[in-house]
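Give me the fold of what follows.
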Amino acid sequence: MNTDDTVRTFLDFYRERGHEPITGSTLLPPPSDPVLFTTSGMHPLTPYLQGRPHPQGRRLVNVQRCLRTTDLDEVGDRSHLTVFEMLGSWSLGDYGHSQSLRWGYELLRDGFGIPPEKLYVTVFDTDLESLDTWRELGLPVESTRDENWWSNGPTGPCGPDSEIFFWTGDGPPEGSPTTDSRWVEIWNHVHMRYERGEDGGLVPLRQVNVDTGMGLERLVSVLQGCRSVYETDLFEPWMGTIPLLWDLDERSTRVVCDHLRSSVVVLGDGVQPSNTGRGYVLRRLIRRLLTVLRRDDPSRTLGDLPGELVGTGTVREVLLDEERRFGLLLERGRRVLSRREYRGPLSEEDYQYLHDTHGLPRESVVGLKG
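Purely as a prediction, here's the structure:
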């Protein structure tokens with residue numbers, strides 16, 4: 001099942017159950033939103049989760065592009081990405097959490113053909129409704145505490161969740177999601193029923209909602225039997241080109257592909273590199289990929305990239321300009337690090353000073369120090 005088939009199956013399943021498709025937003029939230037980028041499928045729907053009527057009804061489904069930097073250090077493993085797409089479904093004060101879990105299991109088993117014996121679920125320890133539902137459906141269940149409470153930030157809508165995991169190891173499944181990392185989360189069903197205030201307290205929302213989110217890239221890797229998200233058809237343009245250009249180890253290849261792909265998407269949404277806000281996130285991504293790219297060979301350049309991968313217009317020009325700026329920064333960094341006080345091991349205070357005063361990211365300093 002390719003990516004287009006996967007998306008179509010998901011949307012059709014929920015359409016048949018009364019959900020109205022809504023258009024996914026860009027990565028950029030409205031100007032009044034303090035968040036730099038859309039980080040989850042539910043983020044654009046926050047006012048409706050809080051009780052405002054949605055013009056398309058109480059059952060919704062969509063595909064939303066998201067960007068997260070909280071997992072940046074994990075990018076390069078089998079499943080973490082900076083920019084990804086989220087398959088989402090919502091009940092805005094309509095059906096209950098148990099119904100959502102039943103439909104989720106039905107879609108995974110019958111719609112996508114995933115063997116039930118390769119699934120494991122986790123629930124919030126006091127969420128007896130979800131526990132009973134999963135037991136009735138015959139899936140193994142593990143109760144946790146903090147791991148099964150979902151929120152999109154320190155304040156706002158939140159609630160207990162139930163997460164569905166898929167076994168990615170060889171041979172029969174072993175352990176549980178909290179004891180074996182080969183269990184990979186593919187879908188989260190959130191019982192969105194509270195609002196957390198500035199004081200940290202919880203108050204019930206005006207309506208009890210269900211919010212589900214399933215990473216498209218992870219799901220596709222499962223359905224296509226791939227070892228990682230980078231082996232799916234989504235990454236064919238990148239993984240079919242980058243290894244031919246540059247001889248990188250596996251993790252470095254993944255980081256370069258992810259950061260390049262993410263940078264192109266962010267640039268496509270109109271963000272330009274800068275030293276603050278969204279522009280700084282973009283600049284950091286580009287400089288991280290350049291640091292990895294040049295680690296073993298400083299002569300490597302983004303100018304080697306073919307036009308069909310990044311385009312020949314503004315996107316390419318911005319990438320090459322950032323590469324030039326980064327080269328100047330490294331030259332300045334080498335001069336700074338040649339000073340006597342920086343010739344030995346660096347302290348955390350040194351790294352902070354070099355970043356704040358000279359604009360040198362930690363990974364660049366580490367690279368210059370060798």
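
Check whether Gly153 sits in a helix, strand or coil.
coil (DSSP: H, G, I helix; E, B strand; the rest coil).

residue contacts, it?
Val35 (Cβ atoms under 8 Å, 6 or more residues apart in numbering). C-beta here means a position set from N, CA and C on the backbone, and glycine is covered the same way.

quick one: it from Ser40, how far?
Separation of Gly153 from Ser40 (Cβ to Cβ, to the nearest Å): 10 Å.

got it, and Arg325?
When Arg325 is compared with Ser40 (using Cβ to Cβ), they lie 32 Å apart.

Distance from the chain centre to the longest helix that the chain contains, please.
Criterion DSSP state H: the longest helix present in the chain is helix 314-337. Computed by Cα atoms, centre = their mean, to the nearest Å, the chain-centroid distance of helix 314-337 equals 27 Å.

now swap in stretch 186-202 and tell me
19 Å.

export that stretch as CSV, just CAs?
Extracted in CSV, the C-alpha atoms of stretch 186-202 (Å, rounded to 0.1, in the frame of the first residue of the first chain):
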residue,chain,number,x,y,z
ILE,A,186,1.7,4.4,15.6
TRP,A,187,-1.5,5.9,16.9
ASN,A,188,-2.7,8.0,19.8
HIS,A,189,-6.3,8.4,20.9
VAL,A,190,-6.7,11.2,23.4
HIS,A,191,-9.8,11.6,25.7
MET,A,192,-9.6,15.4,25.5
ARG,A,193,-11.8,16.4,28.4
TYR,A,194,-9.7,18.9,30.5
GLU,A,195,-8.3,22.4,30.2
ARG,A,196,-5.0,23.1,32.1
GLY,A,197,-4.8,26.7,33.3
GLU,A,198,-1.9,29.0,33.9
ASP,A,199,-1.8,27.8,37.5
GLY,A,200,-1.5,24.2,36.4
GLY,A,201,-5.0,23.3,37.6
LEU,A,202,-7.4,21.2,35.6
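
can you list the residues that contact that stretch?
By Cβ under 8 Å, 6+ apart, stretch 186-202 touches 42, 49-50, 97, 100-101, 104, 108, 127, 130, 150-151, 154-166, 203-205, 208-215, 218-219, 222.

do that again at 6 Å, thanks
49, 97, 100-101, 104, 150, 155, 157-164, 166, 203, 205, 208-209, 211-214, 218-219 (Cβ atoms under 6 Å, 6 or more residues apart in numbering).
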